[in-house]
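[1] here is a sequence with its predicted model. Questions after.
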Amino acid sequence: MGSPPRQRLAGRLGRHARRARRRARACREARRAARHRARTRQRRRRRRPGAADPRRGREPAPRHHPRCRQSRRRQAERPGPRHGRGGGPARRAHHPGACQGNRPGRQGCRHRRRRCRPPPFPAALALLRLRPGGRRAWLRAQGCGRIGRRPARASRGRVVTAGTFTTADGCALTFDVGGKGQPVLWQHGLGAPLDQPVEVFPQDAALQRVTLMCRGHGASELGDPLRLSIAQFAEDALALLDHLGVEQATVGGISLGAAIALRLASFNAPRVAKLVLARPAWVDGPSIERQHGYHVAAQYLEQYGAEEGAERFRASPEFLEVLAASPDNAASLIGFFKRPRPDTTIALLSRIPLDWPGVSRARIEAIRQPALIIGNDQDYVHPLAYARELASLIPGSRLAEITSKTIDRAAYVAEFRDALAGFLSDRGGDR
């Protein structure tokens with residue numbers, strides 16, 4: 001055992017050595033930080049926004065990702081140099097590549113992980129916030145919503161989403177989902193935009209509206225024109241329910257949407273809880289005479305184009321016959337000449353009006369789901385007689401006769417919503 005003075009001397013030397021090592025480590029870190037700050041300042045001077053890179057002869061990458069909220073703060077508003085929360089030169093120097101996309105080795109950066117993550121691709125689920133003022137503007141876009149990272153809530157607290165899925169034959173179709181509650185597959189008519197089914201759907205009920213934009217409608221692809229049929233549209237709607245994980249839903253629609261719903265209720269009865277047929281254009285066979293105007297409109301559009309075709313079609317006997325019976329149907333026919341994709345419109349009008357749901361009278365009488373049929377007078381393409389006949393064929397169905405849009409559009413929308421809300425909220429009629 002050594003003497004006490006030697007022990008004290010060894011202890012003092014050990015403490016001095018540890019202090020020297022700590023001071024040397026701190027000096028190395030300070031020099032490294034100074035070199036890093038110098039390189040960062042030099043890099044900023046060389047790469048001004050909008051200036052070319054003198055070393056590589058090309059436009060430099062943006063210093064911050066467009067979605068980075070940190071980059072939107074003004075320089076004067078940023079905190080001073082420190083390694084705490086917030087911005088500042090020291091923070092940016094500490095994260096030199098944090099705001100420039102997916103750089104390997106930066107996955108642990110808290111700033112990048114929270115604020116600089118690149119936005120999802122458009123094919124992913126689009127989530128957007130709908131406001132009463134901007135609602136129609138978005139609906140006219142027919143499924144092209146703003147991309148977000150989490151579900152946004154509308155003014156009434158209803159979650160609104162839109163997205164795209166691909167069918168078995170490779171056709172990309174868009175869909176729109178609004179609200180929370182009982183799922184309702186609610187389909188549009190031939191050539192109609194998304195706001196047609198949304199306008200008459202109950203807004204205050206605990207319902208989740210699911211609308212598929214059929215092939216050639218909205219932002220959905222047309223696919224193979226030879227596959228355009230009501231049966232194919234019904235198959236696509238069933239594929240959408242599978243895509244969303246909906247085992248059973250209320251199914252309904254307007255005009256073409258009613259034909260799709262009728263086919264689903266007949267051939268896929270376990271998937272249909274309730275049935276809504278609004279302004280049906282078919283019963284148990286083709287309705288070529290009533291829908292001949294669509295076929296003629298397609299011929300004028302293909303032969304003369306949009307502007308000249310519309311002028312010539314207005315003078316045709318087919319259009320004048322529809323105009324005399326239903327001005328609303330006549331306005332819909334003229335609207336086909338204003339659609340953005342004429343080739344798609346021609347393909348739809350050349351095939352769908354000649355088709356029919358493919359549900360025989362016997363199969364209609366065998367439907368056992370609770371059903372609501374909505375019809376109105378002064379409608380050339382959707383006669384009230386068709387709605388009454390379907391109501392007489394489906395056992396226990398309800399018939400709601402509402403005001404025509406030709407007479408009063410506001411009353412039409414209000415009565416449509418009331419009839420639909422009363423039927424969907426009635427649980428006593430479920431079987």
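    Structure's in. What do you need? Numbers count the residues shown, from 1 in each chain.
[2] any low-confidence regions in the stretch 101-250 of the chain?
    Across the stretch 101-250 of the chain, the ranges flagged by pLDDT under 70 are 101-160.
[3] show me the helices in it, by range?
    Using DSSP state H, counting those that start in this stretch, the helices of the stretch 101-250 of the chain run over residues 110-115, 135-141, 195-200, 230-244.
[4] what residues of the helix or strand where residue 334 lies count as buried?
    Using DSSP states H and E, residue 334 falls within helix 327-335. Residues 328, 329, 330, 332, 333 are the ones in helix 327-335 that count as buried (16 or more other Cβ atoms under 10 Å). (Glycine included, C-beta is placed from N, CA and C.)
[5] residue nearest the centroid of this structure?
    Nearest residue to the geometric centre of the chain (Cα atoms, centre = their mean): residue 162, 2.0 Å.
[6] partner residues bridging that one?
    Beta-bridge partners recorded for residue 162 (DSSP bridges): residue 126, residue 176.
[7] for it, give its distance to residue 214.
    Residue 162 is 15 Å from residue 214, where distance means Cβ to Cβ, to the nearest Å.
[8] for residue 375, same thing?
    Remark: distance between residue 375 and residue 214 (Cβ to Cβ) = 22 Å.
[9] neighbour count: those two, which is higher?
    Neighbour count, other Cβ atoms under 10 Å: between residue 375 and residue 214, residue 214 has more, with 29 against 24.
[10] for stretch 392-399, what is the average pLDDT?
    For stretch 392-399, mean pLDDT rounds to 96.
[11] show me what contacts residue 374?
    By Cβ atoms under 8 Å, 6 or more residues apart in numbering, the contact set of residue 374 is 276, 277, 278, 279, 387, 400, 402, 416, 419, 420.
[12] sec struct for it, please.
    Assigned by DSSP: H, G, I helix; E, B strand; the rest coil, the conformation of residue 374 is strand.
[13] just give the closest residue to it, not the sequence neighbours.
    residue 278 (4.2 Å; Cβ to Cβ, 6 or more residues apart in numbering).
[14] now residue 350
    Counting by Cβ to Cβ, 6+ apart, residue 298 is the residue found nearest to residue 350 once chain neighbours are left out, at 4.8 Å.
[15] surely the one you found is in contact with residue 344?
    No - assessed by Cβ atoms under 8 Å, residue 298 is found out of contact with residue 344, at 11.0 Å.
[16] residue 275 falls within a strand, correct?
    Yes - assessed by three-state DSSP, residue 275 belongs to a strand.
[17] and it, how many neighbours?
    For residue 275, using other Cβ under 10 Å, the count is 26.
[18] pretty sure it sits against residue 258.
    No - in this structure residue 275 lies outside contact range of residue 258 using Cβ under 8 Å: 9.2 Å.
[19] report the set of residues contacting both of the two.
    Going by Cβ under 8 Å, 6+ apart, residues that sit against residue 275 and also against residue 258 are residue 252.
[20] sec struct for residue 401, please.
    Under three-state DSSP, the three-state class of residue 401 is strand.
[21] which parts of the chain are strands?
    Under the criterion DSSP state E, the chain contains strands at 126-127, 160-166, 172-178, 182-187, 207-212, 249-254, 272-278, 371-376, 398-402.
[22] CA atoms only: put the fifth one into PDB for me.
    Right, strand 207-212. What follows is strand 207-212, C-alpha atoms only, in PDB (Å, rounded to 0.1, in the frame of the first residue of the first chain):
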ATOM      1  CA  LEU A 207     -75.500   8.800 -43.100                       C
ATOM      2  CA  GLN A 208     -72.300   8.100 -45.000                       C
ATOM      3  CA  ARG A 209     -72.800   8.800 -48.700                       C
ATOM      4  CA  VAL A 210     -70.600   6.800 -51.100                       C
ATOM      5  CA  THR A 211     -70.700   7.900 -54.800                       C
ATOM      6  CA  LEU A 212     -68.800   6.200 -57.500                       C
END
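[23] which neighbouring elements make contact with it?
    Counting contacts by 3 or more Cβ pairs under 8 Å, 6 or more residues apart in numbering; DSSP states H and E, strand 207-212 packs against strand 172-178, strand 182-187, helix 195-200, helix 230-244.
[24] rewinding a little: show me which of the buried residues of helix 327-335 is closest to residue 225.
    residue 333 (20.8 Å; Cβ to Cβ).
[25] tell me the pLDDT of that closest one.
    Looking at residue 333, its pLDDT reads 96.
[26] relative to residue 313, how far out is it?
    Applying Cβ to Cβ, the value for residue 333 to residue 313 is 7 Å.
[27] same question, residue 360
    Residue 360 sits 34 Å away from residue 313, going by Cβ to Cβ.
[28] those two: who's more crowded?
    In this view residue 360 and residue 313 are compared by other Cβ under 10 Å, and residue 313 has more residues nearby, 21 against 12.
[29] check the burial of the nearest residue to that one once chain neighbours are set aside by counting its neighbours.
    Counting by Cβ to Cβ, 6+ apart, residue 313 lies nearest to residue 300, which is 4.4 Å off, once chain neighbours are set aside. By the measure other Cβ under 10 Å, the count of residues near residue 300 is 22.
[30] return the residues in contact with residue 300.
    Contact partners of residue 300, counting by Cβ under 8 Å, 6+ apart, are 309, 310, 312, 313, 316, 337.
[31] ok so, going back, as a markdown table, the buried residues of helix 327-335 with distance to residue 181 would be great.
    Output for the buried residues of helix 327-335, formatted as a markdown table (distance: Cβ to Cβ, whole Å):
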| residue | distance to residue 181 |
| --- | --- |
| 328 | 31 |
| 329 | 33 |
| 330 | 37 |
| 332 | 31 |
| 333 | 36 |
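[32] which among the residues you listed gets closest to residue 226?
    Closest approach to residue 226 among these (Cβ to Cβ): residue 333, at 24.5 Å.
[33] contacts only, for the closest one.
    Contact analysis of residue 333 by Cβ under 8 Å, 6+ apart lists 293, 294, 297, 313, 319, 322.
[34] all set, thanks.
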